[in-house]
Each structure stands twice: as C-alpha cells, then as structure tokens.
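Novice: please find the sequence and the predicted model below.
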Amino acid sequence: MLKYDEPLESALNSLVNLLKADYGISRRSVGLLLLQGDPDIEKRVREQEAAVYESIQEIISQASQSYNQPLSYIIALRRQQEVKRLLSTVVTSREKTRRGFAERLSRAMMHPVTGTIILLIVLYFGLYQFVGVLGAGTLVGFIEGTVFGEWINPWLTQLITSLIPWKVFQDLFIGKYGIITLGFTYAFALILPIVSTFFIVFSIIEDSGYLPRLAMLIDRIFKTIGLSGRAVIPMVLGFGCDTMATIVTRTQETKRERVITTLLLALAIPCSAQLGVIFAILSGNTRALLIWAGVTALVFLLVGYLAAKVIPGRKASFYMEVPPLRLPKLSNIFVKTYTRLQWYFLEVFPIFVLASFLLWLGDLTGLLDLVTGWIKPLVEFIGLPPETAVVFLYGWFRRDFGAAGLYNLNNSGVLVGIPLVVAAVTLTLFIPCVAQFSVMLKERGVKTALAIALFVFPFAFFVGFILNWVLTALRVSL
Amino acid sequence: MTTMQKIRDIFSIGKRSASCHGEGLSLTEDGLKKVGIVGTPNVGKSVIFNCLTGAYVTVSNYPGTTVNVSRGKASIQGEEFEVMDTPGMYSLMPITEEERVARTMLLAEKPDVILHVVDARNLDRMLPLTMQLIEAGLPTMLDLNMMDETEAAGIEININKLEQELGIPVVATVATNGRGIETLKKRLVEYVRNQHCA
C-alpha cells in the first residue's frame, strides 16, 4: 500500500477511521478523494456521515494548511514518485535517437506554417476533390441523372400510373413531393454518394492520427474564441453530421466550452451532405466558392469570439495525448465507413420518406402554400427567387434534405449567380435541423437550446441579407 | 438498456461479494460476471472490448470516441461475462463529463474485474491510475497494450517483476492484431475464479 508523507498520511488515517458507510471503493480511497476536493464524493460523504462531517472538514482544512501546494498536487506527486521508483526496476529502455519519417511528418503537421500547408492539401484533395468533385459531382451526376433519372424513375412512374388510377395518390409516390421522386431520389442519389465519400475520407484521416495533430495546430486560433483544441474533434465530426458532433461535445471540460461548441455547430459548421452539395454546385465557380467559404469562416470566428466574451465561465486548459501516426488499415476503414453509413442512413432515410409524405399532405391541403407563403417574404428579403422558400422548409427537416433541394434548384437553372451564393451561405447558417435540435435539447437543456435556435434563425437571414446587399452593390459578377 | 435492467442493476449494488461462502461462483442478478474496461483515452480500450465481445464499437486513432458505457457479452472458457467499455479516464477524480461516466460505472456497477488498459510505452503516465485502482480496493488487472509499438521504441518491460511489485495480474497485448488476447482471456477467468473463492 502506497504511503503518503506526514502529516498527510495521518490526516488520511483519521479520515478513514471516521468513515462508516459503503462507497463501493475503499475508505482510504474515499479519504484521498476528499483531500483532493472531489465534489461528488464530498456530497455523498456529507449525506452519509452527517454526524461527523464537521470533524471531516476540520481534518481536511488542517491538512491542506500544512502544505503550500494544493493537496491534489501533493498526492499526484507522491504517486508519480512511486511509479518512477517502480519503473526503474521494471523497465529498461534502449534509447533510439534516430528520428524516422513519421516523427518528422508528425512535427510538420503541428508546425504553424507547414501544418497549415498540410491542412490545405488535406482539405483540397480530401474534401474538395474527393467529396465535392468525385462524390457530389461525378457519382451524383451518374446516379441521379442516369440511374434514377433515366432508368428507375421513368420505370416506376409508368408502373405507379398503371397501378393507381387516382392522380392524388400517384403524386404521393411520383409527384413533385413524391416518396420515390423526392424522398428516395434525394436519399439514394444525392446524399448516399456524398456521405459515403466523406466517411471514407474521414475514416482515413481518423485512423492515421492526424486529428489530434490538427487539434494542436488549431489550439491557438481556438483560444481566441474561447475554445481549446479539444473542440477540434467535435467540430471535425460536425463536418460529418452535426447531430453526432453535438453528442461528442461531452468530451469538453467546461460547460462554457460545450455551449460555445454547440452554438458554432448549429450555426457555422455545414454537415457532409451540405458541404458536398455546395462544393458540387459551386465547383465550376472558384470565386463563388471562395466567397461562401470566406463568409462562413468569418461568421464562425466572429460569433465564436463574441460568444466567448458574452458567455460566462471558466476558460479551458488543453491537454491531449498525441498518438503515433499510423498507416490506416484498409479493412478497418471499410468496416468503419460501413457502420457509419449504416447508422447515418437508417437515421436519414425514414425522415426523408416522412418529409416527402408531409410535404405531399401539405401540398394537398394547401398548408404547404400557407407556410411557404410565410417564408417567401424572408427569402425575397435576401434577394432569392420565391421558389427557394420550400428549400428552407426542407432544410428544417434535415440539413442534408435542404442541401439536396438546393442542388435541384441549381440544376434546373432557377438559382444561379449572386442568389446562389447567398442561398448557399444562408442555408449553411440556417437553423439546426430537427434531429440536431432534439440532441441540443437533450444535451444542453431547453433554455440553452432555444436560445441558440432563436439566435441562429434570424442571424442566418441577416447575414444573407448583408451578403446580398454587398455583392449587389459591388456588382460582383459570379 | 431497459428500465428494468437499470432497476435491477441498482438493486444489485453491494451484492457482488455477498454469496461467496461455500456456494462456489457467485453471480450477479442477471447471472453474468462483469468486466469493466478502464484507461486513459486512446490506449485501445474499445479494440480490447471488440476482441472480447466480438461486437463492434467505433474505434479511432484519437481520444474521446467513446462517450457512453458500451456493453457486450463475452463467453470465455464457457463462462459468460458482461463486458463494459468506458470513456477514457485519467484519474479516479473526474474532470470531464466522460471521466465522470467512467467512474460512475466503477462505483455503481461493481465489476468483478476491472481491466486497466494502458499504453505500454508511457507507463510513467499510465500507472498512477493503476495505483489508484489498487488503492481503492478494486479487483484490478493490468493490460499492457500496444506492445508492438513499445518493442519498436526499444522499451523492454519485465512483466513478472511488475506483477510482483503491483500485486495484481499483468498481461501484454497487441489488440490491433490479436496478440496476447488468448492469454488475457485466460487470466481474466482465472482472476474471477480465484477472487470469488479466495
């Protein structure tokens, strides 16, 4: 049994003698946690040992007065000492001074200059080329245009028309908001290829050990917006799916950090489907793409900075283990991409079908016209054609659903030039979708979740309005 | 986990070692021995969990993938176990929410074995938690994981000596390719049997 220094050891023994209840761990351990000021244990001891709690407090305060440093530090130091002694008899190390390629690459990834260059390369090839151009461009073009557009949909349209004599019910499947023509097509032809390519890239990046190095690199920038490098992980996950990322904010140390991250995830981090679609529709137009990326990044930093000023609480310190760089294993990437995709698709698919059904019902009852009627002025206010209104409604169901709607509007030539960029920016910032919002409610509580939603909604339109105004005033040609 | 199970778990607190007098092996309420996997983030807890249970938990090369306790069943030498994988913890005194989740598992579930998985290259940073687990009187077993990378880094560990010094079973594994997993399973079963009828 590890002995501590005097007078700590005597204080500990007195505590052990006073404790009577069963805590699931040894009394010695409970005593040590009390001395370290563990709030949960303190609470339990106060309840269980009410009679002697004052004496307990007395022992703790006396012990801490005997030392200049906090007791938790003294205790940790003693343990470290003991581990060091132990290891000196157990471990022998043949010092290897040669620094391999992996070590040099690892350093380069965390260096401010080379690290930024590596990040840009990763973003360009990994996200833009692979997800944007290959996934959202080539693959979607083929699956949506050829497989669904020329084979599946015409065939099913014929089948349904011959099976169902009533136009209204035909529309349920193959109409403007049909379960097949809208729900299935969006899910399989648009979202699936994009999200698949994203998850492949993400699994490779994840397994290589690049993320913690990215966290180290970005830590400095994040400090200015009140976050630590720890926030990088939920943020990067957010590019996959903001809903999933909001759950991962639990890994953050302070409540303040969690609130800021949740806000930024809801506002300025597009999910993979949005990102892919936006890359695809803006890929022919470098200037438009840069404006979209620049405005989103600016909003991210500005809101983060202001939130850090406004939201009270303790600043977080940052410490993260940096695991070794590894060459990702193909089988592992495959399994991971598959399990993620399965999870994502099972979540998304029913919502797409349900949304199509509700839209069809809304269209039938005139409710849809009523709601889009309310959104239309907002949409026109930021300089967008009225047809865009319904896309915002899609986006509310799910971010990726909205993105898919944007893709279609661009394809049919309704949305081009300045309005396209404005719509892309506004939809990126636009409210968290239903799924994300429900997770926010669960993780952050009603008050915070509502406050975030009520901020994000008008703010997205405000930014859209300003952007439209600036671009029009400057006569930027896109 | 269903509400019923939760309720049963709550009521099984404190019953773990109650029935070890002459009855042979004791069982928890649902008839399973519990193995709790703990350790700092990114040492391979989830890979070990997958190896033991055959279930799939997302594994990644960065800290903090597991935010909840994952549960799975493992059958080792005819013995059924409930295996729990926890979020990373640095010490018995939690700082983040995920560490709190891990400690709550330790305190409330009373596992029959606590498998402390460590990165064998950084024992100086890993063993303080082992000491705290031993200090807490918890049935701890130490797993030195990532032995391949440790050997590649030129670090040699005298496992027998470490076992003697700590007074708990110590095993060495490379979870990513399965090396040492059979030994780990064997020792786990032995440990549970000895502990219950000591």
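Specialist: Alright, I've got the coordinates.
Novice: what ranges do the helices span in chain B?
Specialist: In chain B, the helices defined using DSSP state H lie at B:3-11, B:45-53, B:97-109, B:123-135, B:147-152, B:159-166, B:181-196.
Novice: go through these and pick out the most buried.
Specialist: A comparison of these by mean neighbour count, using mean count of other Cβ atoms under 10 Å in any protein chain shown, puts helix B:45-53 on top with a mean of 24. For glycine as for every other residue, the C-beta is placed from the backbone atoms N, C-alpha and C.
Novice: so for it, mean pLDDT?
Specialist: Taken as a whole, helix B:45-53 has an average pLDDT of 87.
Novice: output it as PDB - backbone C-alpha positions only.
Specialist: This file holds the C-alpha atoms of helix B:45-53, laid out as PDB (Å, rounded to 0.1, in the frame of the first residue of the first chain):
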ATOM      1  CA  LYS B  45     -10.000   0.000 -24.700                       C
ATOM      2  CA  SER B  46     -12.600  -0.200 -27.500                       C
ATOM      3  CA  VAL B  47     -10.400  -2.600 -29.500                       C
ATOM      4  CA  ILE B  48     -10.000  -4.800 -26.500                       C
ATOM      5  CA  PHE B  49     -13.700  -4.600 -26.000                       C
ATOM      6  CA  ASN B  50     -14.300  -5.700 -29.600                       C
ATOM      7  CA  CYS B  51     -11.800  -8.600 -29.200                       C
ATOM      8  CA  LEU B  52     -13.500  -9.900 -26.100                       C
ATOM      9  CA  THR B  53     -17.100  -9.500 -27.200                       C
END
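Novice: now distance to A:V168 too, for the helices of chain B, in JSON lines please.
Specialist: Conversion of the helices of chain B to JSON lines gives the following (distance: least, Cβ to Cβ, whole Å):
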{"stretch": "helix B:3-11", "distance to A:V168": "43"}
{"stretch": "helix B:45-53", "distance to A:V168": "51"}
{"stretch": "helix B:97-109", "distance to A:V168": "51"}
{"stretch": "helix B:123-135", "distance to A:V168": "65"}
{"stretch": "helix B:147-152", "distance to A:V168": "65"}
{"stretch": "helix B:159-166", "distance to A:V168": "74"}
{"stretch": "helix B:181-196", "distance to A:V168": "60"}
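Novice: can you redo those as JSON lines with distance to chain A?
Specialist: Listed next are the helices of chain B as JSON lines, based on distance: least, Cβ to the nearest Cβ, whole Å:
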{"stretch": "helix B:3-11", "distance to chain A": "13"}
{"stretch": "helix B:45-53", "distance to chain A": "10"}
{"stretch": "helix B:97-109", "distance to chain A": "4"}
{"stretch": "helix B:123-135", "distance to chain A": "4"}
{"stretch": "helix B:147-152", "distance to chain A": "6"}
{"stretch": "helix B:159-166", "distance to chain A": "5"}
{"stretch": "helix B:181-196", "distance to chain A": "16"}
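Novice: among those, which comes closest to A:P39?
Specialist: Closest of the helices of chain B to A:P39 is helix B:97-109, at 10.3 Å (criterion: Cβ to Cβ).
Novice: now that closest one, how far from the centre of its chain.
Specialist: Its chain's C-alpha centre and that of helix B:97-109 lie 13 Å apart, by Cα atoms, centre = their mean, to the nearest Å.
Novice: so it versus helix B:123-135, what angle?
Specialist: 30 degrees (axes from the mean of the first three to the mean of the last three Cα atoms, to 10 degrees).
Novice: average pLDDT for helix B:97-109, rounded please.
Specialist: 82.
Novice: which stretch in the helices of chain B has the least confidence?
Specialist: Here those differ in mean pLDDT, and the lowest is helix B:3-11 at a mean of 44.
Novice: check the nearest residue to B:T150 once chain neighbours are set aside and give its pLDDT.
Specialist: Spatial nearest neighbour of B:T150, excluding adjacent residues (Cβ to Cβ, 6 or more residues apart in numbering or on different chains): B:A120 at 4.1 Å. Looking at B:A120, its pLDDT stands at 91.
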